[in-house]
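S.K.: Structure for this input, please:
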Amino acid sequence: MAIMTGTRLLRYVFMVFSLMVRKSSISCEELLTGSYHLEYLDNTSRRVNATFVMLVRNSDLDGTINSIRALEDRFNSKFGYPYVLLNNEPFTEEFKRRISVLIPSEVQFGFILPEHWSQPDWIDEEKAAKSRKQMVATNVKYGGSVAYRNMCRFNSGFFYKHELLQKYKWYWRVEPNVKFYCDINQDPFRYMEENNKVYGFTITVYEISATIRSLWPAVTDFVENHPEYIADDNAMGFISDDSGKTYNRCHFWSNFEIADMDFWRGEAYTAFFEHLDSKGGFYYERWGDAPIHSIATSLFLKRDQIHFFEEIGYQHDDWGHCPLPDDIWEKGRCSCSQKGSFDYDPSSCKPRWDRFTNSGRA
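M.R.: Model (predicted):
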């Protein structure tokens with residue numbers, strides 16, 4: 001048996017130790033050859049301060065497994081980013097056990113504080129209940145759900161305050177039962193950090209009018225009182241067709257987003273959320289976190305700080321994005337049909353985004 005040199009032995013010991021720490025399930029043959037692990041270790045050494053965030057319930061176990069398996073297979077097996085899973089109820093031991101065995105990297109399970117996941121006491125419940133009843137009568141999706149409203153408010157103003165996320169700067173939001181269609185060979189977190197991006201998306205759609213009737217008046221009220229927060233060369237032209245007089249309902253579909261949590265934690269967004277929250281629209285209507293995030297990024301960021309991830313093939317419910325350029329689709333070994341991509345569906349705001357980003361006008 002050949003004797004290892006000192007340098008080679010140290011390298012081998014470091015590899016073994018690193019893989020043990022990351023709970024890797026790599027075979028002995030792979031370990032001895034070293035090729036896969038050198039790539040894995042090199043990628044993890046270049047990771048940025050980031051995590052995946054999943055808001056799930058215990059009943060979402062199978063869907064959570066599906067999403068994590070897809071994400072690990074297409075991306076994270078090469079990079080080893082950690083996961084933070086949040087729940088408004090304590091996670092069951094079965095849930096934690098079955099999720100932990102899937103993930104070689106770190107995974108943490110967090111409980112959401114009741115004050116971050118409940119209708120505030122100052123909300124007029126009679127008024128809120130009347131609104132819910134009206135939405136149910138007109139078949140508005142989730143119109144009668146208080147839990148859905150709690151989720152929207154949590155995602156708008158509280159998730160980034162959770163104790164398990166305080167050590168992280170970047171997050172990638174992942175939902176149960178989503179699909180990732182393409183190999184993601186470059187690190188989106190690193191791309192965002194190195195290119196001064198703050199918010200990234202894959203799909204953009206129109207919001208349901210009945211859920212946000214008073215949202216834009218609340219936004220314009222804030223803008224009039226806080227012009228200091230409005231960025232030069234912002235993306236107002238994407239969300240409004242008349243220089244801010246009205247909202248065209250376009251928003252980034254926030255079930256997928258990669259973003260800098262320091263933006264949500266910052267002065268402008270904090271003041272913006274507190275202003276909107278005081279209006280009660282999460283409960284008197286059904287304001288969603290997607291339009292709120294989208295309006296904030298469009299107003300408080302420069303347009304070139306918002307990024308469309310063409311290369312990430314992604315599916316949530318009935319809508320999905322498939323890379324349209326053939327070279328990107330082929331390089332990613334994508335399993336999705338380009339013809340089925342939602343990008344240019346009549347319900348998509350992607351054509352508006354294209355026109356806006358190509359216009360050169362704020």
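
S.K.: Can you report how many residues lie near residue 51?
M.R.: By the criterion of other C-beta atoms under 10 Å, residue 51 has 23 neighbours. Every C-beta, even on glycine, is put in place using the N, C-alpha and C of the backbone.

S.K.: doesn't residue 174 make contact with it?
M.R.: No. The pair formed by residue 51 and residue 174 falls short of the contact definition of C-beta atoms under 8 Å, at 10.3 Å.

S.K.: Tell me the secondary structure at residue 274.
M.R.: On the three-state scheme (DSSP: H, G, I helix; E, B strand; the rest coil), residue 274 is labelled helix.

S.K.: and what of residue 328?
M.R.: Assignment for residue 328 (three-state DSSP): helix.

S.K.: What's the separation between it and residue 336?
M.R.: According to C-beta to C-beta, to the nearest Å, residue 328 stands 12 Å off from residue 336.

S.K.: residue ranges with poor pLDDT in the stretch 251-362 of the chain?
M.R.: 360-362 (pLDDT under 70).

S.K.: And the strands in it?
M.R.: 257-260, 306-308, 314-316, 319-321 (DSSP state E, counting those that start in this stretch).

S.K.: Of all the residues in stretch 186-202, which ones are buried?
M.R.: Buried residues in stretch 186-202, defined by neighbour count with 16 or more other C-beta atoms under 10 Å: 187-193, 197-202.

S.K.: Could you do stretch 227-243 as well?
M.R.: Buried residues in stretch 227-243 (16+ other C-beta under 10 Å): 229, 231, 234, 235, 236, 237, 238, 239, 240.

S.K.: what does stretch 154-166 give?
M.R.: 154, 155, 156, 157, 158, 159, 160, 162, 164, 165.

S.K.: among the buried residues of stretch 186-202, which are in strands?
M.R.: The strands, defined by DSSP state E, take in 199, 200, 201 from these.

S.K.: Residue 203: what's it in contact with?
M.R.: 252, 253, 256, 314, 316, 319, 320, 321, 342, 348, 350 (C-beta atoms under 8 Å, 6 or more residues apart in numbering).

S.K.: one step back: I'd like the buried residues of stretch 186-202 as TSV, with pLDDT and distance to residue 104 appended.
M.R.: Shown next, in TSV, are the buried residues of stretch 186-202 (pLDDT from 0 to 100; distance: C-beta to C-beta, whole Å):
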residue	pLDDT	distance to residue 104
187	98	17
188	98	19
189	98	18
190	98	20
191	98	23
192	98	23
193	97	23
197	98	27
198	98	29
199	98	28
200	98	25
201	98	28
202	98	25
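
S.K.: nearest to residue 130, of those?
M.R.: residue 201 (34.2 Å; C-beta to C-beta).

S.K.: Skipping its backbone neighbours, what lies nearest the closest one in space?
M.R.: Using C-beta to C-beta, 6 or more residues apart in numbering and skipping residues adjacent in sequence, the residue nearest residue 201 is residue 252, 3.9 Å away.

S.K.: contacting residues for the one you found?
M.R.: Residue 252 neighbours (C-beta under 8 Å, 6+ apart): 199, 201, 203, 204, 290, 293, 294, 297, 306.

S.K.: For those, name the two members farthest from one another.
M.R.: Going by C-beta to C-beta, the pair spanning these furthest: 203 and 297, at 14.8 Å.

S.K.: For stretch 281-300, C-alpha coordinates in CSV please.
M.R.: The C-alpha coordinates for stretch 281-300 follow below in CSV (Å, rounded to 0.1, in the frame of the first residue of the first chain):
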residue,chain,number,x,y,z
GLY,A,281,-55.2,46.1,5.1
PHE,A,282,-53.9,42.6,5.8
TYR,A,283,-57.2,41.8,7.6
TYR,A,284,-59.7,44.3,6.2
GLU,A,285,-58.7,43.3,2.7
ARG,A,286,-56.2,40.6,1.9
TRP,A,287,-52.9,42.4,1.2
GLY,A,288,-50.3,39.9,0.2
ASP,A,289,-46.6,40.0,0.9
ALA,A,290,-45.8,39.7,-2.9
PRO,A,291,-47.2,43.1,-3.9
ILE,A,292,-45.8,44.7,-0.7
HIS,A,293,-42.3,43.3,-1.4
SER,A,294,-42.6,44.3,-5.0
ILE,A,295,-43.7,47.8,-4.4
ALA,A,296,-41.0,48.4,-1.8
THR,A,297,-38.2,47.1,-4.0
SER,A,298,-39.5,49.0,-7.0
LEU,A,299,-39.5,52.3,-5.0
PHE,A,300,-36.6,52.0,-2.7
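
S.K.: circling back: neighbour-wise, which one of the contacts of residue 203 leads?
M.R.: Result: residue 321 is most packed of those (other C-beta under 10 Å), 29 neighbours.

S.K.: what's the closest non-adjacent residue to that residue?
M.R.: Closest to residue 321 by C-beta to C-beta, 6+ apart is residue 202, at 4.5 Å.

S.K.: for the record, mean pLDDT for the particular helix or strand that has residue 96 in it?
M.R.: Taking DSSP states H and E as the definition, one finds residue 96 inside helix 93-100. The average pLDDT within helix 93-100 is 98.

S.K.: Since that was my last question, I'll sign off now.
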